[in-house]
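Engineer: Build me a model:
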Amino acid sequence: MAQAELSADLTRDLDESKSGIVGFWNTVKRWPLVSIVVLSLLIFTAVFADFLAPNSPIVAIPDNTTLAPIWYDAQLVSVQDLPVVVAIDGVTAVAGVAEAAATHGVVIPPEEVGDAKAVRSAFKDQAGVRATVMELATITEVREIGSPPEAPWTPVGLNIIDAAEQYGVEISLEQLADPLYGGTVVASAFKGQVNLEVKVQDAAIPRPVLEDVQTAADRFGVVIPAGQENNEDAVVDAFLQQANLKAKVRVPQSDYILGGDNIGRDLLSRLIHGARVSLIVVAIALSSGLLVGVSMGLVAGWFGGIIDELIMRITDIWLGLPFILVAIVIVIAIGQTFLILIGLLALLSWTPFVRNVRGEVLSLKTRDYVSLARVAGASTFRIMIWHLLPGVINTVIVIATLRVGQLILTEAILSFLGAGIPPPTPAWGAMVNDGRAYVQDAWWISFFSGVCIFLVVMSLNFLGDWMRDRFDPRLRQL
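Structural biologist: Coordinates of the predicted model:
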């Protein structure tokens, strides 16, 4: 069966055209096109990073912290209960600040809506009335007394007056106004009157929400005007007017296509500049390792004897060292710098070249053309450079291609562990590490950088395999 399949492959190859457009296509279709496209895009991105990145990869904008990608809906990040007007000139009038202000024709600047003292002054100066303003705590969750510890809590999200009204609990305003015992009174009233235990949160503490605006609006009983879900001002005003809540809304921005990271830096810009950083680091480290490794392999294979034994034992010892652990120890002892990372990767990259080049040289130095060069009086250096090196160059190219992917992955691992490129310089591995703590609420911080690492490493591996098949005559079918 294997022989029949091989014959069929040979027949098909012979039948294919070798000239013109058809011949060009028959040649091109054998190439790893996906790998070539990915790597070309990587190089193009690295070269023109300054022009392609829409924002600075280093400057952080706190308002864009964990900003969602552009295709996300607006998110409600947090809400905070505002003071409640409970009486006007001694007459009970429990209402939100916005509702009470509208009733009495009082205009309160948005930045002063949450300030009880400023609210009282506004009512006195503009309407001539004495407003009793209270900052009410919030009942966030309730459940029945005696429930097992694993029993779920029911979310409420109402200030204590509204919650008491909803559950039929009687609490006096004087008790609630006590800053020390208000929460205790509420818990005792709910327990004694309706057999419920409650979680009480201080009004001054914002509640994290992180839900899309419509879901949050349903949760707090707020109606957002149609088509205004992505209008930050409209959403904030709706929560203020209808629920007496100060809402912080995060609306995806057109110039932050992939969103923002945990401190407000543009992810797309960091990915683009991270490609440049990775290529520079790997190119310098690989060049250094290639020069050292090929030189040592040529020397070991040509001279043999004690020199060969010494070089190979050094290589074996180095291969046996736990590189990641060594790198972390060096970074702790010396410091985390760009040059140290390049040096560590260079020390990692030379060993494969030594072993493979030595093996090739052991075979090549017995060839007739090498013997003739020695008879002709060629120097050892000339034989190595002009006769042996061209014979191993194919092997070196294949190893270098495969090694690039491994070095990029190693650089990402070191950055992930905090031993790589020092911040704030963008690096894909460091970006994956930055997003670990936010993976549930802001998965995009780690995801896109991880995808970039995966695509580049896999493309380089596929390209290396293809080059090995092309350059090694023993692996060719025809």
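Engineer: Show the contacting residues for the closest residue to Asn159 other than its chain neighbours.
Structural biologist: Excluding the flanking residues, the one nearest Asn159 by CB to CB, 6 or more residues apart in numbering is Leu136, at 4.1 Å. C-beta here means a position set from N, CA and C on the backbone, and glycine is covered the same way. Contacts for Leu136 (CB atoms under 8 Å, 6 or more residues apart in numbering) come out as Asp81, Pro83, Val84, Asn159, Ile160, Ile161, Leu176, Ala203.
Engineer: and what of Asn262?
Structural biologist: Taking CB under 8 Å, 6+ apart, we find Asn262 in contact with Thr65, Thr66, Asp434, Gly435, Ala437, Tyr438, Ala442, Ile445.
Engineer: Which one of those residues is nearest to Pro149?
Structural biologist: Nearest to Pro149 among the contacts of Asn262 is Ala437, at 26.7 Å by CB to CB.
Engineer: any chance of the contacts of Leu136 in CSV, plus pLDDT, neighbour count and secondary structure?
Structural biologist: Output for the contacts of Leu136, formatted as CSV (pLDDT from 0 to 100; neighbours: other CB atoms under 10 Å; DSSP: H, G, I helix; E, B strand; the rest coil):
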residue, pLDDT, neighbour count, secondary structure
Asp81, 81, 26, strand
Pro83, 85, 24, coil
Val84, 82, 27, strand
Asn159, 75, 25, strand
Ile160, 80, 27, helix
Ile161, 78, 18, helix
Leu176, 64, 22, helix
Ala203, 73, 21, coil
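Engineer: Out of those residues, flag the one nearest to Ser371.
Structural biologist: Looking across those and measuring by CB to CB, the closest to Ser371 is Asp81, at 91.4 Å.
Engineer: any idea how far Val133 is from the closest residue to the closest one other than its chain neighbours?
Structural biologist: Excluding the flanking residues, the one nearest Asp81 by CB to CB, 6+ apart is Ala203, at 4.3 Å. Using CB to CB, to the nearest Å, we find Ala203 at a distance of 12 Å from Val133.
Engineer: Identify the contacts common to these two.
Structural biologist: Joint contacts of Ala203 and Val133 (CB under 8 Å, 6+ apart) are Pro83.
Engineer: Okay, Glu112 and Ala101: tell me how far apart.
Structural biologist: 11 Å.
Engineer: contacting residues around stretch 292-302?
Structural biologist: Defining contact as CB under 8 Å, 6+ apart, one finds that stretch 292-302 is touched by 307-308, 311-312, 315, 346, 349-362, 365, 380, 383-384, 388-389, 392, 396.
Engineer: Inside helices: which ones of those?
Structural biologist: Judged by DSSP state H, helices contain the following of these: 307-308, 311-312, 315, 346, 349, 351-362, 380, 383, 389, 392, 396.
Engineer: Domain ranges for this structure, per the record?
Structural biologist: The record's domain parsing of the chain by automatic domain parsing lists 31-61+262-475, 138-201.
Engineer: looking at the ones you listed, which has the lowest confidence?
Structural biologist: Set side by side, the domains of the chain give their lowest mean pLDDT on domain 138-201, at a mean of 79.
Engineer: gap between the two ends of it?
Structural biologist: For domain 138-201, the first-to-last residue distance is 5 Å (CA to CA, to the nearest Å).
Engineer: Over to stretch 191-208?
Structural biologist: This stretch, stretch 191-208, spans 26 Å end to end (CA to CA).
Engineer: Quick one: residues in contact with it.
Structural biologist: Stretch 191-208 has contacts (CB under 8 Å, 6+ apart) with 77-83, 135-145, 147, 153, 156-157, 159-160, 163, 167-170, 183, 186-187, 190, 248.
Engineer: Could you identify the buried members of these?
Structural biologist: With burial judged by 16 or more other CB atoms under 10 Å, the buried subset of the contacts of stretch 191-208 is 77-83, 135-140, 142, 156-157, 159-160, 163, 167, 169, 183, 186-187, 190, 248.
Engineer: related to what we said a few turns ago, which residues are in contact with each of Glu112 and Ala101?
Structural biologist: Val119, Ala122.
Engineer: quick one: the helices in the stretch 151-300 of the chain?
Structural biologist: Along the stretch 151-300 of the chain, the segments classed as helices by DSSP state H, counting those that start in this stretch run 160-167, 173-176, 182-194, 213-220, 232-243, 267-303.
Engineer: Please work out which of the ones you listed is packed deepest.
Structural biologist: Mean neighbour count (mean count of other CB atoms under 10 Å) peaks for helix 267-303 among the helices of the stretch 151-300 of the chain, with a mean of 21.
Engineer: Quick one: distance of it to the chain centre.
Structural biologist: 25 Å (CA atoms, centre = their mean, to the nearest Å).
Engineer: Same check on stretch 42-56?
Structural biologist: Taking mean C-alpha positions (CA atoms, centre = their mean), stretch 42-56 and its chain are 18 Å apart.
Engineer: quick one on the thing from earlier: among the contacts of Asn262, the buried ones, what's the PyMOL command?
Structural biologist: A single PyMOL command selects the buried members of these (16+ other CB under 10 Å):
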select buried, resi 65+66+434+435+438+442+445
